[in-house]
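**Student:** Return a 3D structure for these sequence lines:
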Amino acid sequence: MTSNPVHGVNALIRGAQLLTRKELRPFIIIPLLINLVLFIALGALMVSQFDDLGQFIGGLLSDSPVDTSNMSWWRAILAKGADWAASVFQWLAWLIAIAVVLLFFLVYGYLFGIITNIIAAPFNGLLAEKVEELLTGHPPPPEALHSMVFRTLGRELRKLMYFLGWGIVIFIIALLTSWTVFIPAILTALWGAWCMAIQYVDYPLDNHQRSFSELKRVLTRKKLTTLGFGGSVMLAKMVPILNIFVMPAAVAGGTALWVERIWTEGDPGKGPNGSRGRELNHLEVTKERKWPKGIDGPEK
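**Tutor:** Residues are numbered from 1 along each chain as shown. Have a look, this model is predicted:
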(Lines give C-alpha, C1' and ligand atoms only; values in the text may rest on other atoms or scores of the structure.)
Protein backbone atom coordinates (compact mmCIF):
# COMPACT_ATOMS: atom_id res chain seq x y z
CA MET A 1 0.00 0.00 0.00
CA THR A 2 1.80 3.13 -1.23
CA SER A 3 1.92 6.32 0.80
CA ASN A 4 3.09 9.48 -0.93
CA PRO A 5 2.57 13.13 0.09
CA VAL A 6 2.16 14.02 -3.60
CA HIS A 7 -1.01 11.90 -3.68
CA GLY A 8 -2.37 14.02 -0.85
CA VAL A 9 -1.61 17.28 -2.64
CA ASN A 10 -3.18 15.90 -5.82
CA ALA A 11 -6.32 15.03 -3.86
CA LEU A 12 -6.86 18.70 -2.97
CA ILE A 13 -6.29 19.69 -6.61
CA ARG A 14 -8.78 17.03 -7.68
CA GLY A 15 -11.27 18.38 -5.17
CA ALA A 16 -10.93 21.85 -6.70
CA GLN A 17 -11.53 20.34 -10.15
CA LEU A 18 -14.64 18.57 -8.92
CA LEU A 19 -16.15 21.86 -7.79
CA THR A 20 -16.59 22.80 -11.45
CA ARG A 21 -19.12 20.00 -11.90
CA LYS A 22 -22.64 21.36 -12.26
CA GLU A 23 -24.06 18.47 -10.18
CA LEU A 24 -22.23 19.82 -7.13
CA ARG A 25 -22.98 23.54 -7.46
CA PRO A 26 -26.15 23.55 -5.28
CA PHE A 27 -24.11 22.02 -2.42
CA ILE A 28 -21.27 24.55 -2.73
CA ILE A 29 -23.17 27.86 -2.68
CA ILE A 30 -24.16 27.91 1.02
CA PRO A 31 -20.70 26.91 2.37
CA LEU A 32 -19.13 29.58 0.15
CA LEU A 33 -21.52 32.23 1.47
CA ILE A 34 -20.72 31.19 5.05
CA ASN A 35 -17.01 31.42 4.26
CA LEU A 36 -17.42 34.84 2.68
CA VAL A 37 -19.22 36.32 5.70
CA LEU A 38 -16.67 34.90 8.15
CA PHE A 39 -13.79 35.99 5.93
CA ILE A 40 -14.99 39.59 6.05
CA ALA A 41 -15.49 39.48 9.84
CA LEU A 42 -12.20 37.77 10.69
CA GLY A 43 -10.34 39.76 8.04
CA ALA A 44 -11.45 43.00 9.69
CA LEU A 45 -10.30 41.65 13.06
CA MET A 46 -6.92 40.63 11.64
CA VAL A 47 -6.34 44.04 10.02
CA SER A 48 -7.11 45.74 13.34
CA GLN A 49 -4.21 43.82 14.89
CA PHE A 50 -1.65 44.75 12.23
CA ASP A 51 -0.44 47.90 14.04
CA ASP A 52 0.37 46.05 17.26
CA LEU A 53 2.01 43.23 15.33
CA GLY A 54 4.11 45.70 13.34
CA GLN A 55 5.27 47.50 16.49
CA PHE A 56 6.25 44.22 18.14
CA ILE A 57 8.26 43.03 15.13
CA GLY A 58 9.83 46.46 14.73
CA GLY A 59 11.01 46.30 18.34
CA LEU A 60 12.56 42.88 17.75
CA LEU A 61 14.48 44.03 14.69
CA SER A 62 15.49 47.44 15.97
CA ASP A 63 19.24 48.07 15.68
CA SER A 64 19.41 51.72 16.73
CA PRO A 65 22.73 52.57 18.46
CA VAL A 66 22.91 52.99 22.23
CA ASP A 67 23.52 56.55 23.50
CA THR A 68 26.15 56.34 26.26
CA SER A 69 27.00 60.05 26.50
CA ASN A 70 25.13 60.56 29.78
CA MET A 71 26.11 57.24 31.35
CA SER A 72 28.83 56.50 33.89
CA TRP A 73 31.80 54.51 32.60
CA TRP A 74 30.61 51.15 33.98
CA ARG A 75 27.05 51.60 32.71
CA ALA A 76 28.45 52.57 29.31
CA ILE A 77 30.49 49.36 29.23
CA LEU A 78 27.42 47.28 30.11
CA ALA A 79 25.32 49.09 27.51
CA LYS A 80 27.95 48.60 24.81
CA GLY A 81 28.23 44.93 25.74
CA ALA A 82 24.47 44.46 25.55
CA ASP A 83 24.39 46.27 22.20
CA TRP A 84 27.17 44.02 20.86
CA ALA A 85 25.35 40.87 22.07
CA ALA A 86 22.13 42.08 20.42
CA SER A 87 23.92 42.57 17.09
CA VAL A 88 25.51 39.11 17.31
CA PHE A 89 22.12 37.47 17.90
CA GLN A 90 20.23 39.61 15.38
CA TRP A 91 19.69 36.49 13.28
CA LEU A 92 17.69 35.02 16.16
CA ALA A 93 15.49 38.12 16.23
CA TRP A 94 14.77 37.62 12.54
CA LEU A 95 13.83 33.98 13.14
CA ILE A 96 11.53 35.00 15.99
CA ALA A 97 9.95 37.72 13.84
CA ILE A 98 9.29 35.24 11.01
CA ALA A 99 7.87 32.73 13.49
CA VAL A 100 5.56 35.40 14.96
CA VAL A 101 4.21 36.33 11.52
CA LEU A 102 3.66 32.67 10.59
CA LEU A 103 1.97 32.03 13.94
CA PHE A 104 -0.29 35.04 13.37
CA PHE A 105 -1.50 33.67 10.04
CA LEU A 106 -1.65 30.12 11.41
CA VAL A 107 -3.97 31.24 14.23
CA TYR A 108 -6.06 33.13 11.69
CA GLY A 109 -6.31 30.01 9.51
CA TYR A 110 -7.22 27.76 12.45
CA LEU A 111 -9.83 30.19 13.79
CA PHE A 112 -11.35 30.61 10.34
CA GLY A 113 -11.41 26.84 9.82
CA ILE A 114 -12.91 25.94 13.21
CA ILE A 115 -15.81 28.36 12.95
CA THR A 116 -16.67 27.58 9.34
CA ASN A 117 -16.42 23.82 9.85
CA ILE A 118 -18.88 23.84 12.75
CA ILE A 119 -21.42 26.05 10.96
CA ALA A 120 -21.11 24.36 7.58
CA ALA A 121 -20.79 20.74 8.81
CA PRO A 122 -24.25 19.55 7.58
CA PHE A 123 -23.68 21.13 4.16
CA ASN A 124 -20.22 19.56 3.95
CA GLY A 125 -21.73 16.18 4.72
CA LEU A 126 -24.16 16.59 1.82
CA LEU A 127 -21.34 17.73 -0.47
CA ALA A 128 -19.23 14.68 0.45
CA GLU A 129 -22.23 12.45 -0.23
CA LYS A 130 -22.71 13.90 -3.72
CA VAL A 131 -18.99 13.72 -4.52
CA GLU A 132 -18.92 10.05 -3.54
CA GLU A 133 -21.94 9.35 -5.73
CA LEU A 134 -20.33 11.23 -8.61
CA LEU A 135 -17.08 9.27 -8.31
CA THR A 136 -18.46 5.79 -7.67
CA GLY A 137 -22.06 5.80 -8.87
CA HIS A 138 -23.17 4.72 -5.38
CA PRO A 139 -24.46 7.16 -2.74
CA PRO A 140 -23.89 6.50 0.98
CA PRO A 141 -26.71 4.80 2.94
CA PRO A 142 -29.83 7.03 3.03
CA GLU A 143 -30.46 9.01 6.21
CA ALA A 144 -33.07 11.49 7.39
CA LEU A 145 -31.92 15.10 7.07
CA HIS A 146 -32.55 16.02 10.71
CA SER A 147 -30.65 12.93 11.88
CA MET A 148 -27.67 13.82 9.68
CA VAL A 149 -27.61 17.44 10.92
CA PHE A 150 -27.47 16.44 14.60
CA ARG A 151 -24.95 13.67 13.94
CA THR A 152 -22.58 15.87 11.93
CA LEU A 153 -22.71 18.68 14.51
CA GLY A 154 -21.94 16.16 17.26
CA ARG A 155 -19.05 14.81 15.17
CA GLU A 156 -17.64 18.34 14.76
CA LEU A 157 -17.64 18.82 18.52
CA ARG A 158 -15.93 15.44 18.93
CA LYS A 159 -13.20 16.49 16.52
CA LEU A 160 -12.86 19.87 18.21
CA MET A 161 -12.29 18.22 21.60
CA TYR A 162 -9.65 15.98 20.03
CA PHE A 163 -7.92 18.94 18.39
CA LEU A 164 -7.93 21.02 21.57
CA GLY A 165 -6.81 18.16 23.83
CA TRP A 166 -3.80 17.16 21.79
CA GLY A 167 -3.23 20.77 20.79
CA ILE A 168 -2.56 21.64 24.44
CA VAL A 169 -0.03 18.79 24.65
CA ILE A 170 1.71 19.98 21.47
CA PHE A 171 1.73 23.55 22.81
CA ILE A 172 3.41 22.47 26.07
CA ILE A 173 6.05 20.49 24.16
CA ALA A 174 6.62 23.49 21.91
CA LEU A 175 7.11 25.74 24.92
CA LEU A 176 9.62 23.35 26.50
CA THR A 177 11.59 23.20 23.24
CA SER A 178 11.07 26.83 22.19
CA TRP A 179 14.80 27.56 22.55
CA THR A 180 15.41 25.42 19.45
CA VAL A 181 12.91 27.44 17.32
CA PHE A 182 12.71 24.64 14.75
CA ILE A 183 11.19 21.86 16.88
CA PRO A 184 8.03 23.87 17.75
CA ALA A 185 7.68 24.89 14.10
CA ILE A 186 7.94 21.28 12.86
CA LEU A 187 5.58 19.97 15.56
CA THR A 188 3.02 22.67 14.83
CA ALA A 189 3.17 22.05 11.08
CA LEU A 190 2.76 18.27 11.45
CA TRP A 191 -0.06 18.63 13.95
CA GLY A 192 -1.84 21.17 11.75
CA ALA A 193 -1.57 18.90 8.71
CA TRP A 194 -2.89 15.91 10.69
CA CYS A 195 -5.85 17.96 11.98
CA MET A 196 -6.78 19.20 8.50
CA ALA A 197 -6.70 15.66 7.12
CA ILE A 198 -8.90 14.39 9.94
CA GLN A 199 -11.29 17.28 9.43
CA TYR A 200 -11.97 16.71 5.75
CA VAL A 201 -11.51 12.97 5.22
CA ASP A 202 -13.96 12.51 8.08
CA TYR A 203 -17.00 13.61 6.07
CA PRO A 204 -17.24 10.56 3.75
CA LEU A 205 -16.49 8.15 6.60
CA ASP A 206 -19.04 9.85 8.81
CA ASN A 207 -21.62 9.49 6.02
CA HIS A 208 -21.04 5.73 6.35
CA GLN A 209 -21.38 6.13 10.15
CA ARG A 210 -17.89 4.89 10.82
CA SER A 211 -16.45 5.82 14.21
CA PHE A 212 -13.88 8.51 14.94
CA SER A 213 -11.42 5.81 16.05
CA GLU A 214 -11.80 4.11 12.66
CA LEU A 215 -11.10 7.41 10.94
CA LYS A 216 -7.76 7.77 12.76
CA ARG A 217 -6.79 4.17 11.93
CA VAL A 218 -7.69 4.71 8.26
CA LEU A 219 -5.50 7.80 7.99
CA THR A 220 -2.62 6.25 9.91
CA ARG A 221 -2.34 3.54 7.25
CA LYS A 222 -1.24 6.21 4.76
CA LYS A 223 0.66 8.69 6.91
CA LEU A 224 2.57 10.48 4.15
CA THR A 225 -0.47 10.79 1.90
CA THR A 226 -2.49 12.02 4.86
CA LEU A 227 0.08 14.66 5.82
CA GLY A 228 0.45 15.75 2.19
CA PHE A 229 -3.29 16.34 1.91
CA GLY A 230 -3.64 18.01 5.31
CA GLY A 231 -0.54 20.14 4.80
CA SER A 232 -1.74 21.48 1.47
CA VAL A 233 -5.15 22.32 2.98
CA MET A 234 -3.49 24.06 5.94
CA LEU A 235 -1.27 26.20 3.71
CA ALA A 236 -4.21 27.15 1.49
CA LYS A 237 -6.27 28.16 4.53
CA MET A 238 -3.55 30.58 5.62
CA VAL A 239 -3.95 32.60 2.40
CA PRO A 240 -6.65 35.31 2.59
CA ILE A 241 -9.32 35.14 -0.16
CA LEU A 242 -8.10 31.69 -1.24
CA ASN A 243 -9.34 30.32 2.09
CA ILE A 244 -12.91 31.18 1.09
CA PHE A 245 -12.79 28.41 -1.51
CA VAL A 246 -10.61 25.91 0.34
CA MET A 247 -13.31 24.28 2.48
CA PRO A 248 -15.54 22.86 -0.33
CA ALA A 249 -12.43 21.87 -2.32
CA ALA A 250 -11.04 20.09 0.77
CA VAL A 251 -14.34 18.26 1.37
CA ALA A 252 -14.41 17.07 -2.24
CA GLY A 253 -10.69 16.28 -2.16
CA GLY A 254 -10.95 14.37 1.12
CA THR A 255 -13.79 12.31 -0.31
CA ALA A 256 -11.85 11.58 -3.49
CA LEU A 257 -8.77 10.67 -1.43
CA TRP A 258 -10.75 8.16 0.61
CA VAL A 259 -12.54 6.62 -2.39
CA GLU A 260 -9.55 6.46 -4.74
CA ARG A 261 -6.51 6.09 -2.51
CA ILE A 262 -7.59 4.65 0.81
CA TRP A 263 -10.76 2.59 0.50
CA THR A 264 -9.81 0.97 -2.81
CA GLU A 265 -6.35 0.04 -1.47
CA GLY A 266 -7.36 -2.02 1.51
CA ASP A 267 -9.47 -0.05 3.98
CA PRO A 268 -11.37 -2.92 5.64
CA GLY A 269 -14.37 -0.80 6.67
CA LYS A 270 -17.62 -0.18 4.83
CA GLY A 271 -17.31 1.94 1.70
CA PRO A 272 -19.35 2.79 -1.39
CA ASN A 273 -22.47 0.66 -1.86
CA GLY A 274 -21.92 -0.89 1.57
CA SER A 275 -18.98 -2.95 0.31
CA ARG A 276 -15.71 -3.41 2.13
CA GLY A 277 -12.35 -2.41 0.71
CA ARG A 278 -10.90 -5.93 0.88
CA GLU A 279 -13.93 -7.52 -0.75
CA LEU A 280 -13.34 -5.75 -4.08
CA ASN A 281 -10.00 -5.48 -5.77
CA HIS A 282 -8.72 -2.36 -7.49
CA LEU A 283 -9.82 -3.39 -10.98
CA GLU A 284 -13.34 -4.30 -9.87
CA VAL A 285 -13.80 -0.89 -8.29
CA THR A 286 -12.89 0.97 -11.48
CA LYS A 287 -14.23 -1.52 -14.01
CA GLU A 288 -16.36 0.15 -16.67
CA ARG A 289 -16.52 3.28 -14.49
CA LYS A 290 -16.68 6.52 -16.47
CA TRP A 291 -14.90 9.13 -14.39
CA PRO A 292 -15.90 12.81 -14.59
CA LYS A 293 -14.26 14.89 -17.31
CA GLY A 294 -10.89 16.17 -16.14
CA ILE A 295 -10.89 13.84 -13.12
CA ASP A 296 -8.62 10.80 -13.42
CA GLY A 297 -9.55 7.62 -11.65
CA PRO A 298 -7.04 5.84 -9.41
CA GLU A 299 -4.03 4.42 -11.20
CA LYS A 300 -4.19 0.70 -11.90
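**Student:** how many neighbours does Met196 have?
**Tutor:** 28 (other C-beta atoms under 10 Å). (Each C-beta comes from the backbone N, C-alpha and C, glycine too.)
**Student:** Is it correct that it is in contact with Lys237?
**Tutor:** Yes - Met196 lies in contact with Lys237 (C-beta atoms under 8 Å); the separation is 7.5 Å.
**Student:** How about the contacts made by Lys222?
**Tutor:** Lys222 is in contact with Met1, Ser3, His7, Arg261, Ile262, Glu265, counting by C-beta atoms under 8 Å, 6 or more residues apart in numbering.
**Student:** Which one of these is nearest to Val218?
**Tutor:** Ile262 (5.9 Å; C-beta to C-beta).
**Student:** Quickly note the distance from the closest one to Phe229.
**Tutor:** Per C-beta to C-beta, to the nearest Å, Ile262 is found 10 Å from Phe229.
**Student:** neighbour-wise, which of those two wins?
**Tutor:** More neighbours surround Phe229 than the other of Ile262 and Phe229, with 31 against 26 (other C-beta under 10 Å).
**Student:** Find residues that contact each of Ile262 and Phe229.
**Tutor:** Applying C-beta under 8 Å, 6+ apart, one finds that Ile262 and Phe229 are jointly contacted by Val201.
**Student:** need the strands for the chain, in chain order.
**Tutor:** Secondary structure of the chain (DSSP state E): no strands present.
**Student:** low-confidence ranges in it?
**Tutor:** Residues of the chain that meet the criterion pLDDT under 70 lie in 1, 42-43, 46-113, 266, 273-300.
**Student:** how does it look with 50?
**Tutor:** Within the chain, the ranges that satisfy pLDDT under 50 run 60, 278-295, 298-300.
**Student:** Where do the helices of it begin and end?
**Tutor:** 5-18, 29-48, 50-61, 73-88, 90-136, 145-176, 182-207, 212-220, 223-237, 242-257, 282-286 (DSSP state H).
**Student:** Please identify the most buried of the ones you listed.
**Tutor:** helix 242-257 (a mean of 26; mean count of other C-beta atoms under 10 Å).
**Student:** That helix - contacts with which helices or strands?
**Tutor:** helix 5-18, helix 29-48, helix 90-136, helix 182-207, helix 223-237 (3 or more C-beta pairs under 8 Å, 6 or more residues apart in numbering; DSSP states H and E).
**Student:** Throw those helices into TSV and include distance to Lys216, thanks.
**Tutor:** What follows is the helices and strands packed on helix 242-257, written out as TSV (distance: least, C-beta to C-beta, whole Å):
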stretch	distance to Lys216
helix 5-18	16
helix 29-48	25
helix 90-136	17
helix 182-207	7
helix 223-237	10
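**Student:** who wins for proximity to Ala252 among those helices?
**Tutor:** Going by C-beta to C-beta, the one of the helices and strands packed on helix 242-257 nearest Ala252 is helix 5-18, 3.6 Å.
**Student:** So which elements touch that closest one?
**Tutor:** In this structure, helix 5-18 packs against helix 90-136, helix 223-237, helix 242-257, with contacts taken as 3+ C-beta pairs under 8 Å, 6+ apart.
**Student:** and with 7 Å instead?
**Tutor:** Helix 5-18 sits against helix 223-237, helix 242-257, with contacts defined as 3 or more C-beta pairs under 7 Å, 6 or more residues apart in numbering; DSSP states H and E.
**Student:** now what about that helix, what contacts it?
**Tutor:** Contact with helix 5-18 is made by 24, 131, 224-229, 232-233, 249-250, 252-253, 256-257, 261, 292, 294-295, as judged by C-beta atoms under 7 Å, 6 or more residues apart in numbering.
**Student:** again, only this time at 6 Å
**Tutor:** Residues outside helix 5-18 that contact it (C-beta atoms under 6 Å, 6 or more residues apart in numbering) are 224-225, 228-229, 232-233, 249, 252-253, 256-257, 261, 294-295.
**Student:** And these, which two are furthest apart?
**Tutor:** Farthest-apart pair in the contacts of helix 5-18 is Leu224 and Gly294; separation 25.5 Å (C-beta to C-beta).
**Student:** Next one: Val177 from Phe171, what distance?
**Tutor:** Careful, residue 177 is Thr; it's not Val. Applying C-beta to C-beta, the value for Thr177 to Phe171 is 11 Å.
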